[in-house]
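1. here is a sequence with its predicted model. Questions after.
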Protein chains: 2
Amino acid sequence: MTEIHPEDPVARIRRFNRAVTREVGVLDASFLGRGRPLGAARVLNAIGRGRGEVAAIRDYLGLDSGLMSRLLRGLEAEGLVETAADEGDARRRVARLTPAGEAEFAAYEALSDSQAAAILAAHPKPAALLAAMDLVASALGRGDVTLEEADPRTPAARGCLEAYYAELARRFADGFEVSLSRDPEATDMIRPRGLFLVAISDGLPVGCAGLKGHDDLVEGARWGEVKRLWVSPSARGLGLAGRMMARIEVAAQELGMARLRLDTNSALPEAVAMYRNAGWTEIDRFNDDPYPDFFFEKLL
Amino acid sequence: MTEIHPEDPVARIRRFNRAVTREVGVLDASFLGRGRPLGAARVLNAIGRGRGEVAAIRDYLGLDSGLMSRLLRGLEAEGLVETAADEGDARRRVARLTPAGEAEFAAYEALSDSQAAAILAAHPKPAALLAAMDLVASALGRGDVTLEEADPRTPAARGCLEAYYAELARRFADGFEVSLSRDPEATDMIRPRGLFLVAISDGLPVGCAGLKGHDDLVEGARWGEVKRLWVSPSARGLGLAGRMMARIEVAAQELGMARLRLDTNSALPEAVAMYRNAGWTEIDRFNDDPYPDFFFEKLL
DNA sequence: GCAATTGTCTGACTAAAGTCAGGCAAAAAT
DNA sequence: ATTTTTGCCTGACTTTAGTCAGACAATTGC
């Protein structure tokens, strides 16, 4: 067996790849063990996971249209799937699970869950394992983070906000308590008044940013405030903050805002540096929130 | 797309699996792109990686003996591999790469290396990524850690020892300097005087332990000292320390020792706790090393 | 209204992977 | 010395995955 010197990072990655390659067979053994070939199982799972349009499945799984058609036919013959023409465009077909298909999908899900739970239960430090998996997954799936508008009261948004508050509490010398801060009303961060973005990487929320609309005018024009900009540690360095800010700037213009402002704190030096680099100028305090000590503005 | 609540660890693992499943195809694309089917490429790589016996390859890759035979024959026809009967048991066959096979194997290795390097280069925090990959790989490949006897001067052993010294320097309030400590002679930790173990997980050294033989007798019998017991952070909690200690105890008996001793430090509470739980009893100081403040003994 | 395009399906392939039943020689057991 | 077992090989399969050319209907562009 070749030996890997600890100082050789390339070799370490390759070791990781080998471990994962071998293990993924086991991890995805849920796809096997139910007497169905991998291809059919993958299609069944894609449908169960909410992908209905045949074209979307084909694209997601990277299948040829002929093969796709045949796999679908096989699942139909088994009575697990029904297809119907898309209303609106009868060339497209939409697949749906039958009750038997739902049951089969649930069986795959249960298998997969129990395997994941077994790995977790066997590990002495599940939290560290999860954090490491998140980081690796984010690094591997780097391009796949999507930004979605969401109500800040949805679970995904709340999860991000709570992680954000927890991080502030950790990093501010005197802690952080939301109720003492100027916490924006959710409705101020929903169109048409504002906006709330959640960054999603393969289903997991990994960041958020809010745009709060204000009613008063500054120099005769509407303005907005950037709030709750946060990126999960597992997804830092991928340029997510920049992407979210860009989306917010575009949206702010759509909403008729001429000016953006934000406040932040010197205990978050990477944030301060980012604002400076992104064309924000430091201004005087514009609110009475007790926590911030840096104030920025950007004209659109 | 299903949303994953951050508090649901099972869902997070499954997300990781998906990310990895999809990516592993890419990671192992080195196996493709050279005009050879996956099966043949895997066999070629297994041989290049030092697995010679046909049975061992078959076992490692999980192949049927008929299929294995055919793949081997294909590689022979390409002039990449030669097989010969095992000396000693002419039923077994041993495969070896020809020079052309070596070149082909090297090409796979280079492809794989450059892909790994590209991932690394694209990541903002390579060290964190590597640590996370190590941890995940150790968790997934948990059963696969092998203990090997090694000369403490080999690179794998030196890597572990340096990591061990660095950790002591970090954890002792006043640092740690090997030259001030009672550093055993390498020959005292080699049979027949002693023993040095390195724990290897898929090629990466993840732990070590030494048994130093002493010449003086205690109560009329030979004794040994356990030194340099260390487990990499990425592999902690897998019970490796216990496995290494068990191996050392067996070896100590083989070497005619009736008693084991060791010293440690209260700055390493998990080590102290482990010794207590493993049947060691605290004794008085038995050496003049400046660093330890706890001394243990175990009768065999 | 007609041609071009799009989305799916079918038939006719190929390549790869895997299974199974023996065959044969070497080694081990009796 | 014989039987049995072991390790590998071969031939004759099957299944899965994947490709390609064309058929066909619905839709879009002009």
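-> In hand now; what should we look at?

2. who's residue A:149 bridged to?
-> residue A:197 (DSSP bridges).

3. burial measure for it, as a count.
-> 13 (other Cβ atoms under 10 Å in any protein chain shown). Just so you know, the C-beta spots here come from the backbone N, C-alpha and C atoms, and that holds for glycine as well.

4. mind pulling up the pLDDT for it?
-> Model confidence at residue A:149, expressed as pLDDT, equals 91.

5. any stretches of the stretch 1-150 of chain A with poor pLDDT?
-> A:1-33, A:141-143 (pLDDT under 70).

6. now do the strands in it.
-> A:81-86, A:89-97, A:145-149 (DSSP state E, counting those that start in this stretch).

7. with the stretch 201-300 of chain A instead?
-> A:204-213, A:222-231, A:257-264, A:281-282, A:294-299.

8. in which helix or strand does the most centrally placed residue in chain A reside?
-> Closest to where the C-alpha atoms of chain A average out (Cα atoms, centre = their mean) is residue A:200, at 1.3 Å. Here residue A:200 is covered by strand A:195-201, with elements defined by DSSP states H and E.

9. tell me the angle that strand makes with strand A:222-231.
-> For strand A:195-201 against strand A:222-231, the angle by axes from the mean of the first three to the mean of the last three Cα atoms, to 10 degrees is 20 degrees.

10. chain center to strand A:195-201: distance?
-> 7 Å (Cα atoms, centre = their mean, to the nearest Å).

11. check stretch A:160-180 too.
-> 21 Å.

12. go on, stretch A:153-167?
-> So, by Cα atoms, centre = their mean, the centroid of stretch A:153-167 is 13 Å from its chain's centroid.

13. now do the buried residues in it.
-> Of all the residues in stretch A:153-167, those buried under the rule 16 or more other Cβ atoms under 10 Å in any protein chain shown are A:154, A:156-161, A:163-165.

14. which parts of chain A are helices?
-> Using DSSP state H, the helices of chain A run over residues A:9-27, A:38-48, A:54-61, A:65-77, A:99-122, A:126-140, A:155-171, A:240-254, A:269-277.

15. that older thread, dump the strands of the stretch 201-300 of chain A into TSV; add mean pLDDT as well.
-> What follows is the strands of the stretch 201-300 of chain A, written out as TSV (pLDDT from 0 to 100):
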stretch	mean pLDDT
strand A:204-213	92
strand A:222-231	95
strand A:257-264	95
strand A:281-282	94
strand A:294-299	95
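
16. tally of neighbours for the closest residue to chain B within the stretch 51-200 of chain A?
-> Per Cβ to the nearest Cβ, residue A:124 is where the stretch 51-200 of chain A lies closest to chain B, at 2.8 Å. By other Cβ under 10 Å, 11 other residues sit near residue A:124.

17. was I right about residue A:240 contacting residue A:145?
-> Yes: contact criterion Cβ atoms under 8 Å: residue A:240 and residue A:145 qualify, at 6.1 Å.

18. of all the strands of the stretch 201-300 of chain A, which lies closest to residue A:59?
-> For these, the distance to residue A:59 is smallest for strand A:204-213, at 21.6 Å, taking Cβ to Cβ.

19. rewinding a little: may I ask which of the buried residues of stretch A:153-167 comes out lowest in pLDDT?
-> residue A:156 (85).

20. isn't that one right up against residue A:200?
-> Yes: in this structure residue A:156 lies within contact range of residue A:200 using Cβ under 8 Å: 7.2 Å.

21. residue numbers of the stretch 1-150 of chain A in contact with DNA strand D?
-> For the stretch 1-150 of chain A, the contact set with DNA strand D under Cβ under 7 Å from any atom of the strand comprises A:37-40, A:63-67, A:71, A:88-91.

22. adding distance to residue A:258, write those residues out as CSV.
-> Formatted as CSV, these follow (distance: Cβ to Cβ, whole Å):
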residue, distance to residue A:258
A:37, 59
A:38, 55
A:39, 54
A:40, 56
A:63, 49
A:64, 51
A:65, 49
A:66, 55
A:67, 54
A:71, 54
A:88, 40
A:89, 41
A:90, 47
A:91, 46
